[in-house]
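Undergrad: Give the three-dimensional model of this entry:
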Amino acid sequence: MKLNVKDFAPSWFASVMGTGALALVSKAYSSKLSALGSFAELLVYLNTGLFLVLLVPWVLRWVKYRENALADLHHPILCNFYGTIAIAMLVLSADYLTVFGNTKVAWLFWLAGTPLTVFFALLIPYMVFTGDGVDTEAITPAWFIPPVGLIVIPISGAKLMTLTSGAARELMTFINYFAWGSGFFLYLALFAIVMYRLITHEPMPCGIAPSIWINLGPIGAGTSTLYALIKASDFVTAKEAFLTFGLLFWGFGVWWFIMAVLLTIHYIRKLNLPYSLAWWAFIFPLGAYVSATYNVGTTFGIGAITDFGFAIYWLLLAMWTVTGVRTLGHVLSE
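TA: Predicted structure coming up:
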């Protein structure tokens, strides 16, 4: 694996997404362990630097090696990872808003990430719809990335919405609800297709096996952003119904979390799980689900759920550490 301009993979920004998610849940669970608050701040600084470093080869590749970039954009699997740069901006927006309370930087990343997220969420399906068709074997949970991006828009957009008024607030309401609604129903449609692939075909290639964790992304982010939107919307009076739906959506995530663990063990014991950049698919989805677990537990005052989230937080931290060390090792070895 080489971190050079020509071969620069669009999926690199999944590392920013994962690190940012870890920062958010570290801040959340600093209520249980105060040291996690300082750790969250450190992670945001690290994540900002990581994003800026990765941005350089991403832009240069489009300038110097456009044919290579376009080839990835037309690939049935790699194309979905182009949305990670936009999602990374949205996660950084949430990092600065939640960890530092810095609304100026949060606005900057949100205003940059939102239109880019919508762009890729429209472009990638459009290219698939107008193409020659995709073999079922090429379908992976990576297809969830564009709808996840839409679902993530309210992660800081909901809070930023409350800081506006008048026409600006109406526009923010339109954007946030459009994003969550379209992302959620796109996820449902794609989930059925991905399940069909998992049922009717052999297991996915070992190199992309970590993508089975991606399903936790829309479940986790969808629950958290739904809660954020409903709580920030004064015009929604029947909040309990939406909060209860989020609880049910989170419950489905428990099943998928266990299934992802079992499938990962299956690859380790009976197949193979070689290191690749795909390992970052472990991190953001699990981080999003840990965040959702915290939000559900605290919203309903159910300590068992909150404690469950704190338990899997340590699994997230361990996986982030291992993946980060392995990634750094591969970069330095080239």
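Undergrad: Show the contacting residues for G166.
TA: When contacts are counted by C-beta atoms under 8 Å, 6 or more residues apart in numbering, G166 touches no other residue. (Each C-beta comes from the backbone N, C-alpha and C, glycine too.)
Undergrad: Give me the residues contacting stretch 98-109.
TA: In this structure, residues lying in contact with stretch 98-109 by C-beta under 8 Å, 6+ apart are 23-24, 27, 40-41, 44, 89-90, 92-94, 96-97, 156, 160, 163.
Undergrad: quick one: which of the residues you listed sit in helices?
TA: Of the positions in these, 23-24, 27, 40-41, 44, 89-90, 92-94, 156, 160 sit in helices, assigned by DSSP state H.
Undergrad: any idea which of those is closest to I199?
TA: When those are ranked by distance to I199 (C-beta to C-beta), L90 comes first, at 32.2 Å.
Undergrad: The closest one - how many residues pack around it?
TA: Applying other C-beta atoms under 10 Å, we find 30 residues neighbouring L90.
Undergrad: Would you map the strands across the stretch 51-200 of the chain?
TA: Listed from the start of the chain, the stretch 51-200 of the chain has no strands (DSSP state E, counting those that start in this stretch) to report.
Undergrad: just for it, where's the confidence low?
TA: Applying pLDDT under 70 to the predicted model, the stretch 51-200 of the chain contains no residue that meets it.
Undergrad: what comes up buried for stretch 66-74?
TA: 69, 72-73 (16 or more other C-beta atoms under 10 Å).
Undergrad: so how far is W320 from W314?
TA: As defined by C-beta to C-beta, to the nearest Å, W314 lies at a distance of 11 Å from W320.
Undergrad: typed the wrong thing, it's V148
TA: Counting by C-beta to C-beta, the separation of V148 from W320 is 18 Å.
Undergrad: buried residues in the strand or helix carrying I258?
TA: In this assignment (DSSP states H and E), I258 forms part of helix 239-270. Neighbour counts using 16+ other C-beta under 10 Å place 242-243, 246-247, 249-250, 253, 256-257, 260, 263-264, 267 of helix 239-270 among the buried residues.
Undergrad: Dump those to JSON lines, plus pLDDT and distance to F144.
TA: Listed next are these as JSON lines, based on pLDDT from 0 to 100; distance: C-beta to C-beta, whole Å:
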{"residue": "F242", "pLDDT": "97", "distance to F144": "22"}
{"residue": "L243", "pLDDT": "97", "distance to F144": "24"}
{"residue": "G246", "pLDDT": "97", "distance to F144": "18"}
{"residue": "L247", "pLDDT": "98", "distance to F144": "21"}
{"residue": "F249", "pLDDT": "98", "distance to F144": "14"}
{"residue": "W250", "pLDDT": "98", "distance to F144": "17"}
{"residue": "G253", "pLDDT": "98", "distance to F144": "13"}
{"residue": "W256", "pLDDT": "97", "distance to F144": "12"}
{"residue": "F257", "pLDDT": "98", "distance to F144": "15"}
{"residue": "A260", "pLDDT": "97", "distance to F144": "13"}
{"residue": "L263", "pLDDT": "96", "distance to F144": "16"}
{"residue": "T264", "pLDDT": "96", "distance to F144": "17"}
{"residue": "Y267", "pLDDT": "95", "distance to F144": "19"}
